[in-house]
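Chemist: okay, predicted coordinates and the sequence, questions at the end:
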Amino acid sequence: MLVASEHPRGQTSDSEQMPHSALLESYMKNFLFELCAETLQAAQAADRGGADRIELCIRLDLGGITPSEQLIAATVKALSIPVHVLIRPRGGDFAYSAWEFDQMREQVLCAKEAGAAGVALGVLQADARIDVDRSRELTELARPMKVTYHRAFDRTPDMSEALETVIGIGADCLLTSAGAPDVLTGAEQLKKLVRQAGDRIQIMAGGGLKLTSMAEVLERTGLHCLHGSLTRKAGESVIGDTEADKAQILEADVRTAVQLMHTHFAARELAAPLAR
């Protein structure tokens with residue numbers, strides 16, 4: 001929360017002298033929007049649109065898997081914002097064989113070598129509880145990169161318990177829809193997770209995020225961080241045939257998402273003195 005500085009009687013503060021639009025811009029940014037991107041073109045569009053960071057993956061039709069070394073390196077080099085890399089060797093469940101876990105180790109090291117700012121990972125046991133030892137091993141291997149525990153969390157049978165486990169592992173961020181098909185449906189459970197977490201870990205909502213419901217998700221959950229691909233489905237708009245058309249549309253959608261978040265939090269900051 002920003003607190004206005006005191007000023008002598010008869011003088012006005014800088015904020016009182018500013019026009020309303022400039023005052024909104026003057027507030028410290030206290031939110032984060034992460035775009036899930038499958039291509040370099042999508043990542044660049046998100047960068048131009050004002051996204052705060054990228055989660056890079058491929059095969060979103062499978063829920064996302066780890067991109068190639070070449071795509072990771074090219075994206076890190078091309079972008080001005082942090083790139084986080086999804087660490088997932090295949091689609092399906094999150095209980096991995098010894099060979100698959102060796103792949104994950106190599107993927108973490110590849111992301112680090114390429115200069116990625118972070119990774120998103122998650123390992124479960126056969127009973128869908130968090131595999132503490134393997135998740136901690138990958139988290140420690142990733143340092144000094146940031147670590148997000150991804151939506152493997154949503155498969156766990158007890159989310160309150162799983163949240164404490166993720167915090168104990170040392171992850172910096174938890175990406176979740178609270179087990180729901182989408183973040184709006186999971187809003188009430190997300191709110192509970194936010195309250196439980198406090199300031200011990202960053203909670204980021206992801207899964208079925210839509211521009212039309214972003215403000216409601218923020219209002220109902222108390223979240224400051226959102227994640228999505230902003231993929232448009234048939235019938236939502238006329239989508240161009242070329243990659244350039246798609247990138248232009250995505251850039252505009254990212255800009256809209258960031259502006260929605262900015263407006264939400266700026267309005268809340270401006271209203272805070274009136275509520276005191």
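Modeler: Yes, it's here.

Chemist: alpha carbons only for contacts and neighbour counts from here, please
Modeler: OK.

Chemist: how far away is Ala244 from Ala45?
Modeler: 10 Å (C-alpha to C-alpha, to the nearest Å).

Chemist: when these two are compared, which one has more neighbours?
Modeler: More crowded of Ala244 and Ala45, by other C-alpha atoms under 10 Å: Ala45, with 26 against 13.

Chemist: how about the nearest residue to that one, chain neighbours excluded?
Modeler: Leaving aside its sequence neighbours, Ala45 sits nearest to Glu251 (C-alpha to C-alpha, 6 or more residues apart in numbering; 4.7 Å).

Chemist: in contact with the one you found, which residues are there?
Modeler: Neighbour list for Glu251: 45-46, 48-49 [criterion: C-alpha atoms under 8 Å, 6 or more residues apart in numbering].

Chemist: of those, select the buried ones using a ChimeraX command.
Modeler: Buried members of the contacts of Glu251, defined by 16 or more other C-alpha atoms under 10 Å, are picked up in ChimeraX with:
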select :45,46,48,49
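
Chemist: returning to that earlier point: so the residue nearest to Ala45 sits in a helix?
Modeler: Yes - in this structure, Glu251 lies within a helix as judged by DSSP: H, G, I helix; E, B strand; the rest coil.

Chemist: pLDDT score for it?
Modeler: At Glu251, the model reports a pLDDT of 97.

Chemist: again with Ser5
Modeler: For Ser5, the model assigns a pLDDT of 31.

Chemist: do the same with Glu243
Modeler: 76.

Chemist: number of residues surrounding it?
Modeler: Around Glu243 there are 11 other residues, counting by other C-alpha under 10 Å.

Chemist: ok, Thr39 next?
Modeler: Neighbour tally, Thr39, other C-alpha under 10 Å: 16.

Chemist: pull out the buried residues from stretch 206-214.
Modeler: For stretch 206-214, the buried set under the neighbour-count rule, 16+ other C-alpha under 10 Å, comprises 206-210, 214.

Chemist: sorry, back to before: how near is the residue nearest to Ala45 to Glu106?
Modeler: Counting by C-alpha to C-alpha, the gap from Glu251 to Glu106 is 32 Å.

Chemist: and Asn30, by the same measure?
Modeler: For Asn30 relative to Glu106 (C-alpha to C-alpha), the value is 34 Å.

Chemist: so where is the protein shaky, pLDDT-wise?
Modeler: 1-29, 233-241, 271-276 (pLDDT under 70).

Chemist: can you pull out the helices in it?
Modeler: Assigned by DSSP state H, the chain shows helices spanning 14-17, 20-26, 40-49, 69-78, 98-114, 132-142, 159-169, 187-197, 214-221, 243-275.

Chemist: from the chain's centroid, how far away is the fifth one?
Modeler: In other words, helix 98-114. How far helix 98-114 lies from its chain's middle: 21 Å, per C-alpha atoms, centre = their mean, to the nearest Å.
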